[in-house]
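Generate a structure from the sequence data that follows.
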Amino acid sequence: MRLTEERVTVIAREIANVLLDDELVDLELDEDRFEFLIANLIIKDLAIEGEIEEEATAWLKKNRARVEEGSTEWDIEMERIKEELAVARGYVIR
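Take a look at the predicted model:
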């Protein structure tokens, strides 16, 4: 995962604070629980991105062995494959 659990917790707290301060949500649960739920969504999202990254890397190594990892061609192919995998899963990569 690209972020530590502590960093995800901080980000979740900031998101919760903005949503609450701007009165964009009406909570029917504890604020700590709300932050916990946001953190879980972030963690799940990062896990999906990680899986897509791993699948794309494995695919490239198997099907494009001639392409040097870290090269511009590798990066272009990686982005293309990641996009295809994300679309197949119904996931949006930004």
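
contacts and neighbour counts: CA atoms only from here.
Noted.

list the buried ones in the helix or strand where E14 lies?
Assigned by DSSP states H and E, E14 belongs to helix 5-21. Within helix 5-21, the residues scored as buried using 16 or more other C-alpha atoms under 10 Å are 8-9, 11-13, 16.

Return the closest of the residues you listed with respect to E84.
Checking the buried residues of helix 5-21 against E84 with C-alpha to C-alpha, the nearest one is V8 at 27.1 Å.

quick one: the closest one and A39 touch, right?
Yes: here V8 reaches A39: they are 5.9 Å apart, a contact under C-alpha atoms under 8 Å.

Ramachandran angles for the residue nearest in space to the middle of the chain?
Taking C-alpha atoms, centre = their mean, the centroid of the chain lies closest to L46, which sits 3.1 Å from it. Main-chain dihedrals, L46, degrees, to the nearest 10: phi -60, psi -30.

Equivalent analysis for S71, please.
In terms of degrees, to the nearest 10, the main-chain angles of S71 are phi -80, psi 170.

Please report how far it lies from A39.
34 Å (C-alpha to C-alpha, to the nearest Å).

Ok, T4 next?
T4 is 11 Å from A39, where distance means C-alpha to C-alpha.

Let me see the mean pLDDT of whatever helix or strand K62 lives in.
Using DSSP H and E, K62 falls within helix 31-63. The average pLDDT for helix 31-63 rounds to 94.

Please identify the buried residues of that helix?
Buried residues in helix 31-63, counted by 16+ other C-alpha under 10 Å: 34-36, 38-40, 42-43, 48-49, 51-53, 55-57, 60.

before we move on, what about stretch 80-94?
Within stretch 80-94, the residues that count as buried by 16+ other C-alpha under 10 Å are 81-83, 85-86.

and which of the residues you listed is nearest L20?
A86 (31.3 Å).
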